[in-house]
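Just the structure for this:
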Amino acid sequence: MVLRNLVNAANELDSELCTILSRGVDEGASMTGNRYEELMDYIIEAEDYLKERGVDVD
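Here you go, the predicted model:
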């Protein structure tokens, strides 16, 4: 579940970056702040999971 959430978050953030780059910075992003926070929570969860298993994530 953690890995799936991490992959989904990476894909959505990558898509959003492409949207911003194609629209231009002035047009803004399409992702809501709440969704961004949710995706960042997935990334933090994955990082914590890896740290618990002794992986150096820094």
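
Following the chain onward from the lengthiest helix in the chain, which element is next?
Using DSSP state H to define each element, the chain has its longest helix at helix 2-23. Downstream of helix 2-23, the next assigned helix or strand under DSSP states H and E is helix 33-52.

count of neighbours near the nearest residue to I43 once chain neighbours are set aside?
Of all residues not flanking I43 in the chain, A9 sits nearest, at 5.6 Å (C-beta to C-beta, 6 or more residues apart in numbering). Every C-beta, even on glycine, is put in place using the N, C-alpha and C of the backbone. A9 has 21 neighbours, counted by other C-beta atoms under 10 Å.

got a list of what A9 touches?
By C-beta atoms under 8 Å, 6 or more residues apart in numbering, the contact set of A9 is 39-40, 42-43.

Relative to D58, how far out is it?
19 Å (C-beta to C-beta, to the nearest Å).

before we move on, what about E12?
Counting by C-beta to C-beta, the gap from E12 to D58 is 24 Å.

what is the mean pLDDT for the longest helix of the chain?
What helix 2-23 shows for mean pLDDT is 89.

can you state the direction angle for it and helix 33-52?
With axes from the mean of the first three to the mean of the last three C-alpha atoms, to 10 degrees defining the directions, helix 2-23 sits at 140 degrees from helix 33-52.

Could you look up the SS state of G54?
Under DSSP: H, G, I helix; E, B strand; the rest coil, G54 falls in the coil class.

Per-residue confidence at it, what does it come out as?
Model confidence at G54 (pLDDT) stands at 94.

L3 is in contact with L50, isn't it?
No - at 10.2 Å, L3 does not count as touching L50 under the criterion of C-beta atoms under 8 Å.
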